[in-house]
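Undergrad: my questions concern the predicted model and sequence given below.
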Amino acid sequence: MDYGRPVEFGYFLTPDADYPEVLRRAQLCDALGMDFLGVQDHPYQRRFLDTWTLLSSLAPQTSRIRLLPDVINLPLRPPAVLAKAAASLDIISGGRLELGLGAGAFWEGIGAMGGPVRAPGEAVDALEEAIQVLRLLWSGERGLRFEGQHYQLNGAHSGPLPAHPLGVWVGAYGPRMLELTGRLGDGWVPSSSYAKPARLGKMQQRIDDAALQAGRDPASIRRAYNVMGQIGGTAGEPFHGPPQQWVDELTGLALEAGMDTFIIGLPEPPGQQIEQFMAEIAPLVRENVEAQRQ
């Protein structure tokens, strides 16, 4: 299973409240040529900075790396306002934003902050409505109306337009979420902690089947993978081992499991692991994938 997309790499940046260190790591990733900076969104975590505020701060202090909320906690981010925030940050960053979006998790924390506590089916329905609202508010149209069970628009005017066609990358694991990704998503962004490598093939197939039923080309959907691991450590454990093990594993995931983007979570503070990854692993994965595709 290989969709033929170029392989890209990013860093999974934890939004700790130590802002100078977070900024250092973000700028290091930018300087090393990483493609993405992924930032999780858990507003109820007392030790975390607000993800949207952090990304807005990092945008003018980086130059080329693309920004990915990984993924936005929808129940605490109303989609109409989220659409405005995303378009604004895309403009501020010069078109460097993609929007990772999740249906919600850690419902106790969401409820503690006054957000809606949704059953699994309700959460999927709300996410589908939210995607429709986002795209309406990126359309440039006026007098927008939408009547959903969870979200409404009552004559809203869209704008400003994003600087580029914003993608919605869905954090999906269950059958209905995967099918929604195939029907409506621009990308899929699971994490290795919840979607083990052995499960990816069947999950990809569900996305592809839904895409085909909706008249979409499955290859048009980005496939990003949040990979949590460590360079070194106990060899043999997935994503824990020497550089060559990482090269082999990521090459296999690209060519056999269809993943095209790897957002790497490494021990923090990372020491030299970011530099080692970009020097010893990322180039060889790209070379291997390109060579085996020929």
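TA: Now that the structure is in, tell me what you want to look at.
Undergrad: quick one, strands of the stretch 151-294 of the chain?
TA: 152-156, 168-170, 187-188, 222-228, 230-231, 240-241, 261-265 (DSSP state E, counting those that start in this stretch).
Undergrad: mean confidence for the longest one?
TA: For strand 222-228, the mean pLDDT works out to 98.
Undergrad: what is that strand packed up against?
TA: Counting contacts by 3 or more CB pairs under 8 Å, 6 or more residues apart in numbering; DSSP states H and E, the secondary-structure elements packed against strand 222-228 are strand 8-13, strand 187-188, strand 261-265. C-betas here are computed from N, CA, C, even on glycine.
Undergrad: who's in contact with that strand?
TA: Contacts of strand 222-228 from elsewhere in the structure, counted by CB atoms under 8 Å, 6 or more residues apart in numbering, are 3, 5, 10, 12, 36, 38, 68, 70, 167, 169, 186-193, 195, 200, 204, 239, 250, 253, 258-265.
Undergrad: gap between that strand and the chain center?
TA: The chain centroid and the centroid of strand 222-228 are separated by 8 Å, computed with CA atoms, centre = their mean, to the nearest Å.
Undergrad: coming back round to it: just the buried residues of the contacts of strand 222-228.
TA: Among these, those buried by neighbour count (16 or more other CB atoms under 10 Å) are 3, 5, 10, 12, 36, 38, 68, 70, 167, 169, 186-192, 195, 200, 204, 239, 250, 253, 258-265.
Undergrad: returning to that earlier point: for the helices and strands packed on strand 222-228, which one sits closest to Ser220?
TA: When the helices and strands packed on strand 222-228 are compared by CB to CB, strand 187-188 sits nearest Ser220, at 9.6 Å.
Undergrad: strand partners of the closest one, parallel vs antiparallel please.
TA: Here strand 187-188 is paired, per DSSP bridges, with strand 168-170 (parallel), strand 222-228 (parallel).
Undergrad: just the mean pLDDT for the shortest one, thanks.
TA: The average of the pLDDT scores along strand 168-170 is 98.
Undergrad: mind checking the backbone torsions on Leu97?
TA: The phi and psi torsions at Leu97 (degrees, to the nearest 10) take the values phi -110, psi 140.
Undergrad: the residue lying closest to it once chain neighbours are set aside: which element?
TA: Of all residues beyond its chain neighbours, the one nearest Leu97 is Asp90 (4.3 Å), with distances taken as CB to CB, 6 or more residues apart in numbering. Assignment of secondary structure by DSSP states H and E places Asp90 within helix 79-92.
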